[in-house]
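Asker: sequence and predicted structure, then a few things I'm wondering about:
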Amino acid sequence: MATTFDIQLPHYPRGFHLITRDIVSCLPELPENGLLMVFIKHTSAALTINENADPSVREDFESFFNRLVPDGAPYFTHTLEGDDDMSAHIKASLIGASVTIPIKNGRLNLGTWQGIYLCEFRDGGDYRKLSVTLL
Amino acid sequence: MATTFDIQLPHYPRGFHLITRDIVSCLPELPENGLLMVFIKHTSAALTINENADPSVREDFESFFNRLVPDGAPYFTHTLEGDDDMSAHIKASLIGASVTIPIKNGRLNLGTWQGIYLCEFRDGGDYRKLSVTLL
Amino acid sequence: MATTFDIQLPHYPRGFHLITRDIVSCLPELPENGLLMVFIKHTSAALTINENADPSVREDFESFFNRLVPDGAPYFTHTLEGDDDMSAHIKASLIGASVTIPIKNGRLNLGTWQGIYLCEFRDGGDYRKLSVTLL
């Protein structure tokens, strides 16, 4: 039996943010074995799993992705919503809209150094909505 | 209980294409809660979720990815199948072979602006086969 | 009912490696229909699905990703663990921590040319642990 529910994150500014606690604090009792799928209902932000300890990792992510996909690249044609819009869409698909995490012995089976990141690509980011599924 | 079946897409040329309707039109009645996983059975095309409204977004995706992974880069050694082959393989892994979408209250729980994209990276793309799983 | 278990891969050097057999050899009898989710419990390696035949594809992946995310980029601030650490974290999120594969008629429903890759981004890579979930 699947359980699905939506949650809304607090506001996070543009950048990469560790949100493991935001998610775990919303979870009901986990099944003994299964999986957790977290899905972001937006196309200018993304979710990924990465290092959960040193904030400099998340700052370097922001630096790298801003270089990889420059805001307002001169060949972009989708420009009506601002310089950070088309770059945000592209980054969203490079990273992905969901993360899937195994559940083992009633716990998230993450590695020691793994956490869940919100990747906020807009300057004026929204309150982002996530859909959480437990199976 | 899982349901799995294969579908074949109509021919799409190289580029990024909105295929939400192609997929939804093949779905049986959805479970009350669960997830839909769509998987592409090829290594030179990909699936992603992004903006479902303005075609210029999908054109800018094509421009960006052609710059990011140039066809026939001089250092590629896998060249027998044409200039667009190795670049297609790399793009396929940057984007990914599957999308997973939550099902809530018997409906796909997508955000308002989200749609499913086929990312066709070959000039002479095949009729692409997808495997659809409902859980 | 879900089944979840961990496996440890043999040592693989930096690069892209076909590990379909390492995984399939650990699987119990598969359900008639469902899915296999394989998750890597590390933040400097990744999993993807790509071409399973010609080793030159995997060599070109390594060349491309080393150019895309250079070791020791001058603007990285997370530098304590060596030049290949921050680049590995970024590559891990570009590719992703998991692959999800449909199961149909008791078999993995992969395309003919698809295999599972371990993407090892560290020079001194660990024995990598995977978490396998069957649903």
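Answerer: Nice, I can see it.

Asker: from here on, just use CA atoms for contacts and neighbour counts.
Answerer: Will do.

Asker: okay, whatever residue of chain A ends up closest to chain B: pLDDT?
Answerer: Residue nearest to chain B within chain A (C-alpha to the nearest C-alpha): A:Lys41, separated by 4.3 Å. Looking at A:Lys41, its pLDDT stands at 98.

Asker: now it: closest residue in space, sequence neighbours ignored.
Answerer: B:Gly111 (4.3 Å; C-alpha to C-alpha, 6 or more residues apart in numbering or on different chains).

Asker: contacting residues around the spatially most central residue of chain A?
Answerer: Nearest residue to the geometric centre of chain A (C-alpha atoms, centre = their mean): A:Leu47, 2.1 Å. Shown in contact with A:Leu47 (C-alpha atoms under 8 Å, 6 or more residues apart in numbering or on different chains): A:39-40, A:95-99, A:116-119.

Asker: could you do A:Leu35 as well?
Answerer: A:100-103, A:134-135, C:133 are the contacts of A:Leu35 under C-alpha under 8 Å, 6+ apart.

Asker: can you rerun that using 6 Å?
Answerer: For A:Leu35, the contact set (C-alpha atoms under 6 Å, 6 or more residues apart in numbering or on different chains) comprises A:101-103, A:134-135.

Asker: and it, which helix or strand is it part of?
Answerer: Taking DSSP states H and E as the definition, A:Leu35 sits inside strand A:33-40.

Asker: name the strands paired with that strand and say parallel or antiparallel.
Answerer: strand A:98-104 (antiparallel), strand A:129-134 (antiparallel) (DSSP bridges).

Asker: quick check: next helix or strand after that strand?
Answerer: Proceeding N to C from strand A:33-40, the next assigned helix or strand is strand A:45-51, under DSSP H and E.

Asker: hmm, back to that, could you check how far the residue nearest to A:Lys41 is from chain C?
Answerer: 22 Å (C-alpha to the nearest C-alpha, to the nearest Å).

Asker: swap in A:Asp6?
Answerer: Counting by C-alpha to the nearest C-alpha - A:Asp6 and chain C are separated by 22 Å.

Asker: do the same with A:Leu18
Answerer: On the measure of C-alpha to the nearest C-alpha, A:Leu18 and chain C end up 14 Å apart.

Asker: shouldn't that residue be in contact with A:Gln114?
Answerer: No. A:Leu18 is not in contact with A:Gln114 according to C-alpha atoms under 6 Å; the separation is 9.9 Å.

Asker: and the nearest residue to the residue nearest to the centre of chain A once chain neighbours are set aside, which helix or strand is it part of?
Answerer: Residue nearest to A:Leu47 in three dimensions, not counting chain neighbours: A:Leu118, with 5.0 Å by C-alpha to C-alpha, 6+ apart. If you go by DSSP H and E, A:Leu118 is part of strand A:114-120.

Asker: just checking: what are the partner strands of that strand?
Answerer: Partners of strand A:114-120 in its sheet, by DSSP bridges: strand A:15-18 (antiparallel), strand A:45-51 (antiparallel).

Asker: that older thread, of the strands paired with strand A:33-40, which approaches C:Ser87 most closely?
Answerer: strand A:98-104 (20.7 Å; C-alpha to C-alpha).

Asker: list the buried residues for that closest one?
Answerer: Buried residues in strand A:98-104, defined by neighbour count with 16 or more other C-alpha atoms under 10 Å in any protein chain shown: A:98-104.

Asker: repeat that for stretch A:53-64.
Answerer: Buried, per 16+ other C-alpha under 10 Å, within stretch A:53-64: A:57-62, A:64.

Asker: which ones among those residues are found in helices?
Answerer: Among these, the ones falling in helices (DSSP state H) are A:57-62, A:64.

Asker: chain C next: which of those residues are close?
Answerer: Counting by C-alpha under 6 Å from any C-alpha of the partner chain, A:57, A:60 from these sit close to chain C.

Asker: out of the ones in helices among the buried residues of stretch A:53-64, which is nearest to A:Pro28?
Answerer: A:Arg58 (28.5 Å).

Asker: that closest one contacts A:Leu18, correct?
Answerer: No. Counting by C-alpha under 6 Å, A:Arg58 does not reach A:Leu18; the two are 8.5 Å apart.

Asker: list the contacts of the residue nearest to A:Leu47.
Answerer: A:16-17, A:47.

Asker: show the pLDDT at the residue nearest to the centre of chain A.
Answerer: 98.

Asker: pLDDT below threshold where in chain A?
Answerer: Scanning chain A for pLDDT under 70 picks out no residues.
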